[in-house]
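Colleague: one predicted model, sequence on top.
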Amino acid sequence: MISVKEIDACLPQTQCGECDFDGCRPYAEAMAQGQATIDRCPPGGIETLRSLGQVLSIDPTPFIKQVKDNTRPPSTAIIREEECIGCTKCIQACPVDAIVGSAKTMHSILEQECTGCGLCVEPCPVDCIDMVELEEPAYDKALARDRHLAREVRLLKATQDKQRVYREKRQLVAKTEDKEKDKIAKTDFIKEALARVHAKKSQLG
């Protein structure tokens with residue numbers, strides 16, 4: 001059985017989602033399970049098609065024309081820095097952490113890290129990001145894979161941390177509510193006891 005790792009190694013690691021999966025690895029997993037065809041990677045083009053065909057023992061010939069028609073050239077993103085407002089939306093969208101900057105400061109793209117996925121373009125509210133075509137990809141596939149994985153791990157950890165903090169707050173609120181209810185119950189008990197004593201005194205008097 002062909003491993004997902006072998007299939008994933010054929011893919012360009014742009015993490016662009018143009019295959020309709022959330023990155024190269026999920027696409028590789030789908031192909032390994034026979035749930036996706038080998039012709040769904042526009043940035044990979046014919047080279048990736050043939051590599052996938054070889055690894056999966058699938059004849060790529062029927063897919064060649066469609067892949068040629070859908071292939072897009074390698075590219076890199078460029079920020080027109082004088083127009084950047086520092087909103088960080090592009091940083092949040094980048095699947096390989098190839099954009100640096102902080103809120104309300106100018107952002108820059110690390111050209112040697114950018115996979116040309118284009119995911120940073122749409123969320124930019126001032127449309128200051130251009131995609132520039134290249135003769136060859138400028139990034140390293142293995143490094144792009146590692147950076148994407150590191151980002152996924154970081155986001156997962158951040159989500160887990162938020163959930164933990166939320167649970168702790170809920171537990172604290174629950175404890176506070178329990179204490180308040182206990183306090184009210186004790187007060188009511190004392191009031192009722194005093195009322196009974198007062199009633200007995202009234203009867204005796």
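Modeller: Thanks, I have the structure now. Just so you know, these numbers come straight off a predicted model, no measurement behind them.
Colleague: in contact with the closest residue to residue 80 other than its chain neighbours, which residues?
Modeller: Nearest non-adjacent residue to residue 80, counting by C-beta to C-beta, 6 or more residues apart in numbering: residue 128, 4.5 Å away. All C-beta atoms are positioned from the backbone trio N, CA, C, and that covers glycine. When contacts are counted by C-beta atoms under 8 Å, 6 or more residues apart in numbering, residue 128 is found next to 79-81, 83-84.
Colleague: what count of nearby residues applies to the residue nearest to residue 122 when sequence neighbours are not counted?
Modeller: Nearest residue to residue 122, sequence neighbours excluded (C-beta to C-beta, 6+ apart): residue 93, at 7.7 Å. Neighbours of residue 93 under the rule other C-beta atoms under 10 Å: 17.
Colleague: before we move on, what about residue 28?
Modeller: For residue 28, the count of nearby residues is 25 (other C-beta under 10 Å).
Colleague: tell me the buried residues in the helix or strand hosting it?
Modeller: Here residue 28 is covered by helix 24-32, with elements defined by DSSP states H and E. Buried residues in helix 24-32, counted by 16 or more other C-beta atoms under 10 Å: 24-28, 30-32.
Colleague: the domain parsing of the chain - what is it?
Modeller: Domains of the chain are assigned by automatic domain parsing as 4-70, 75-133.
Colleague: would you reformat those domains as CSV and include distance to residue 141?
Modeller: Listed next are those as CSV, based on distance: least, C-beta to C-beta, whole Å:
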stretch, distance to residue 141
domain 4-70, 5
domain 75-133, 9
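Colleague: separation between the closest residue to residue 29 other than its chain neighbours and residue 135?
Modeller: Setting aside the residues directly before and after it, residue 29 is nearest to residue 4 in space (C-beta to C-beta, 6+ apart), at 5.3 Å. With distances taken as C-beta to C-beta, to the nearest Å, residue 4 is found 31 Å from residue 135.
Colleague: how about residue 80?
Modeller: Taking C-beta to C-beta, one finds residue 80 at 22 Å from residue 135.
Colleague: more neighbours: these two, which one.
Modeller: Taking other C-beta under 10 Å, residue 80 and residue 135 do not tie; residue 80 has more neighbours (11 against 7).
Colleague: residue contacts, that one?
Modeller: Per C-beta under 8 Å, 6+ apart, neighbours of residue 80: 128-130.
Colleague: give me the pLDDT for it.
Modeller: Looking at residue 80, its pLDDT is 94.
Colleague: quick one, phi/psi of it?
Modeller: phi -80, psi 90 (degrees, to the nearest 10).
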